[in-house]
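S.K.: I would like to see how this sequence folds:
(one chain, ligands or ions: 1)
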Amino acid sequence: MLLSRYFLPVLRDTPKEAEIVSHQLMLRSGMIKQSAAGIYSWLPLGLRVLKKIEQIVREEQNRAGAVEILMPTIQSADLWRESGRYEAYGKEMLRIVDRHERDMLFGPTAEEVVTAIFRDSVRSYKDLPKNLYNIQWKFRDEIRPRFGVMRGREFLMKDAYSFDLTKEDSRATYYRMFAAYLRTFARIGLQSVPMKADTGPIGGDLSHEFIILAETGESQVFLHEDVLKEKVPSADTNFFGDLSGIFEAWTSRYAATDEIHDNERFEKEVPEDKRVTARGIEVGHIFHFGTKYSEPMGAKVQGPDGQLVVPEMGSYGVGVSRLAGAIIEASHDDAGIVWPVPVAPFEVGLINLRAGDAATDAACQDLYSKLSSAGIEVLYDDTDERAGGKFSTMDLIGLPVQLIVGPKGVKNGEVEVKYRANGERETLSTEAGLNKVIETINSQRVLA
Ligand code: 5CA
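M.R.: Numbering: from 1, shown residues only. Okay, the predicted model is just below:
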């Protein structure tokens with residue numbers, strides 16, 4: 001992509017309305033634009049990040065046997081009357097009346113819609129288990145939308161819903177989603193910690209939040225330091241085998257948010273030098289709630305002995321748009337964002353220090369096409385802005401590697417490579433620089 005053709009409305013000053021660094025940097029780097037309180041447009045740079053997060057979430061859901069669908073944003077109130085949640089959900093639900101005076105709503109979650117899909121099309125235990133997910137916009141009329149996309153009113157969520165024949169099977173599904181979440185956040189470049197949680201309006205007997213540690217997090221968290229050393233399941237894990245060992249390993253030590261924190265237990269179970277108190281951001285939340293929706297909504301399948309069985313359910317959410325902010329909270333410096341390669345909007349920023357100079361233009365064009373042919377995503381700053389402005393924009397938008405090309409270097413057959421994460425720079429021959437950039441990006445793209 002040529003910067004001269006791109007739409008990158010960067011701001012030099014920090015917008016006053018933004019309280020936390022991710023919100024400030026998302027506005028400054030032209031990723032998002034507020035449209036109304038808690039409602040944002042995603043501009044090109046932000047949209048690329050959002051799509052990358054979405055794709056990683058999707059790949060890990062698919063790996064764990066979940067099947068993608070797409071449910072509507074607008075739902076019928078009648079479905080929610082069947083589950084008994086229409087009145088209970090309260091003011092966070094945006095209620096709409098259509099032209100025929102029918103009560104509709106903008107979905108804050110989709111347990112009812114998916115249970116209705118299931119009940120009308122699955123009849124036999126032989127069709128179980130099923131796990132259906134979608135990545136769709138949700139609306140919750142939060143009383144205090146704040147922190148940009150971290151607590152929005154409209155936000156993108158991945159929500160999966162599982163149906164199993166027995167409690168035992170649905171536990172196994174819960175563990176599978178648990179393991180998938182560990183991989184998902186690790187692939188995004190984040191260290192997540194699962195913590196036992198309250199179930200709130202979703203309900204159920206078993207629930208975990210996945211928390212990213214960051215100073216600006218909304219929750220206070222308490223944990224045993226060694227939880228941070230647990231290993232994430234590798235790609236060759238058999239996701240359809242017994243995953244209870246992974247679950248046990250990650251949940252055997254103390255880890256809780258302030259909502260359910262028990263200080264006496266914390267001090268009893270965790271040696272003093274292992275106690276970590278920090279702030280965290282909830283990026284995922286999983287629930288195991290049995291027949292809370294399947295029962296009242298009449299979802300049943302024929303069991304092996306001919307009797308009707310009400311399936312056991314769970315639901316599993318990831319805050320896809322919130323993650324864009326959470327990554328920035330976890331990865332930035334004074335100059336701007338520092339994107340992990342797997343979610344970077346572009347992988348390489350190519351900087352032409354003398355746009356208009358024929359030799360420099362030709363060298364940049366050559367590097368641009370070679371990187372592109374190697375499958376690297378490049379944002380090429382071909383504008384005639386001064387060098388200082390180019391450097392600060394590149395640092396602000398946080399692309400992992402910068403390739404800097406000026407007339408002097410071109411004469412000597414050299415380029416400069418800068419690594420955004422540690423600020424290191426090196427001057428290499430053009431060919432060595434090109435290979436180094438390709439190697440660096442490829443080595444950081446995927447988690448084994
Ligand atoms: N039905 C369940 C699971 S699919 C559910 O709705 N869970 S939830 O309420 O915990 O939301 C799932 C995830 O969405 C949260 O972990 C959080 O990351 C994200 N989320 C929730 N509310 C907001 C919000 N107002 N803004 C941005 N993200 C949000």
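S.K.: Name the spans of this structure whose pLDDT lies under the cut-off.
M.R.: The chain contains residues with pLDDT under 70 at 203.
S.K.: got a list of what the residue of the chain at minimum distance from the ligand touches?
M.R.: Closest residue of the chain to the ligand, Cβ to the nearest ligand atom: G319 (2.3 Å). The way it works is simple: take the backbone N, C-alpha and C, and place the C-beta from them, glycine included. Applying Cβ atoms under 8 Å, 6 or more residues apart in numbering to G319 gives the contacts F155, L156, M157, E282, V283, G284, A326.
S.K.: In helices only, show me those residues.
M.R.: When the contacts of G319 are checked against helices (DSSP state H), the matches are A326.
S.K.: Please flag which of the contacts of G319 sit within strands.
M.R.: F155, L156, M157, E282, V283, G284 (DSSP state E).
S.K.: returning to that earlier point: with distance to the ligand and neighbour count added, can I get the contacts of G319 in JSON lines?
M.R.: Formatted as JSON lines, the contacts of G319 follow (distance: Cβ to the nearest ligand atom, whole Å; neighbours: other Cβ atoms under 10 Å):
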{"residue": "F155", "distance to the ligand": "4", "neighbour count": "22"}
{"residue": "L156", "distance to the ligand": "8", "neighbour count": "22"}
{"residue": "M157", "distance to the ligand": "5", "neighbour count": "23"}
{"residue": "E282", "distance to the ligand": "5", "neighbour count": "22"}
{"residue": "V283", "distance to the ligand": "5", "neighbour count": "26"}
{"residue": "G284", "distance to the ligand": "5", "neighbour count": "28"}
{"residue": "A326", "distance to the ligand": "8", "neighbour count": "28"}
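S.K.: Specify which member of the contacts of G319 is nearest to L132.
M.R.: Nearest to L132 out of the contacts of G319 is M157 (Cβ to Cβ; 14.1 Å).
S.K.: So what pairs up with the closest one in the strands?
M.R.: Note on M157: beta-bridge partners by DSSP bridges are Q136, G319.
S.K.: Please give me every residue in contact with it.
M.R.: Counting by Cβ under 8 Å, 6+ apart, M157 has contacts T109, I135, Q136, W137, K138, G317, V318, G319, V320, S321.
S.K.: Just the C-alpha atoms of stretch 342-355, please, in CSV.
M.R.: Extracted as CSV, the C-alpha positions of stretch 342-355 are listed here (Å, rounded to 0.1, in the frame of the first residue of the first chain):
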residue,chain,number,x,y,z
PRO,A,342,0.6,-11.4,13.9
VAL,A,343,-1.8,-8.5,14.4
ALA,A,344,0.2,-5.6,12.9
PRO,A,345,-1.8,-3.6,10.3
PHE,A,346,1.2,-3.9,8.0
GLU,A,347,4.3,-5.8,8.8
VAL,A,348,6.8,-3.5,7.3
GLY,A,349,7.0,0.3,6.9
LEU,A,350,9.2,1.3,3.9
ILE,A,351,10.4,4.9,4.3
ASN,A,352,11.6,6.8,1.2
LEU,A,353,13.7,9.7,2.6
ARG,A,354,13.9,11.6,-0.7
ALA,A,355,10.7,11.0,-2.6
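S.K.: Can you point out the buried residues in it?
M.R.: The neighbour-count check on stretch 342-355 (16 or more other Cβ atoms under 10 Å) flags 342-355 as buried.
S.K.: what helix or strand does S35 sit in?
M.R.: Secondary structure from DSSP states H and E places S35 in strand 32-36.
S.K.: Same check on V57?
M.R.: Per DSSP H and E, V57 falls inside helix 44-63.
S.K.: Packing partners of that helix?
M.R.: Helices and strands touching helix 44-63, by 3 or more Cβ pairs under 8 Å, 6 or more residues apart in numbering; DSSP states H and E, are strand 67-68, strand 130-139, strand 154-164, helix 167-188, helix 320-330.
S.K.: Of those, flag the one that's most buried.
M.R.: Of all the helices and strands packed on helix 44-63, helix 320-330 has the most neighbours on average by mean count of other Cβ atoms under 10 Å, namely a mean of 26.
S.K.: Sheet partners, orientation included, of the helix or strand following that one?
M.R.: Downstream of helix 320-330, the first helix or strand assigned by DSSP H and E is strand 332-333. Here strand 332-333 has these sheet partners by DSSP bridges: strand 336-337 (antiparallel).
S.K.: In TSV, list the contacts of G319 along with distance to T115.
M.R.: Converted to TSV, the contacts of G319 look like this (distance: Cβ to Cβ, whole Å):
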residue	distance to T115
F155	22
L156	22
M157	17
E282	24
V283	25
G284	21
A326	30
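S.K.: What residues does this protein have near the ligand?
M.R.: Taking Cβ under 6 Å from any ligand atom as the contact definition, the chain meets the ligand at 109, 111, 140, 142, 151-152, 155, 157, 159, 202, 282-285, 287, 315-317, 319, 321-322.
S.K.: What lies in contact with the helix holding V57?
M.R.: For helix 44-63, contacts defined as Cβ under 8 Å, 6+ apart pick out 6-8, 26, 29-32, 42, 68, 133, 135, 156, 158, 160, 180-181, 183-184, 187-188, 235, 239, 318, 320-321, 323-324, 327, 339, 342-346, 397.
S.K.: ditto for stretch 161-170
M.R.: Residues outside stretch 161-170 that contact it (Cβ under 8 Å, 6+ apart) are 66, 110-111, 114-115, 118, 122, 125, 128-133, 172-174, 177, 288, 290, 294, 299, 301, 303, 309, 311-316.
S.K.: next one: stretch 287-297
M.R.: With Cβ under 8 Å, 6+ apart as the test, stretch 287-297 has contacts from 79, 82-84, 111-112, 115-116, 118-119, 163, 167, 170-171, 174, 199, 202-207, 299-300, 310-316.
S.K.: Of those residues, which belong to strands?
M.R.: Residues of the contacts of stretch 287-297 located in strands (DSSP E): F163, L206, S207, E312, M313, G314, S315, Y316.
S.K.: of those residues, buried ones?
M.R.: Buried among the ones in strands among the contacts of stretch 287-297 by 16+ other Cβ under 10 Å: F163, L206, S207, E312, M313, G314, S315, Y316.
S.K.: got TSV for the residues you listed, with distance to E54 too?
M.R.: As requested, these are exported to TSV (distance: Cβ to Cβ, whole Å):
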residue	distance to E54
F163	24
L206	27
S207	24
E312	28
M313	24
G314	21
S315	18
Y316	15
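S.K.: Out of those residues, the closest to S192 would be?
M.R.: Among those, and counting by Cβ to Cβ, the member closest to S192 is Y316, at 13.8 Å.
S.K.: Next, the contact list for that closest one, please.
M.R.: Neighbouring residues of Y316 by Cβ under 8 Å, 6+ apart: Y133, D159, A160, Y161, S162, M177, Y181, G284, H285, I286, F287.
S.K.: Determine the number of other residues adjacent to E426.
M.R.: 12 (other Cβ atoms under 10 Å).
S.K.: Nothing else from me, thank you.
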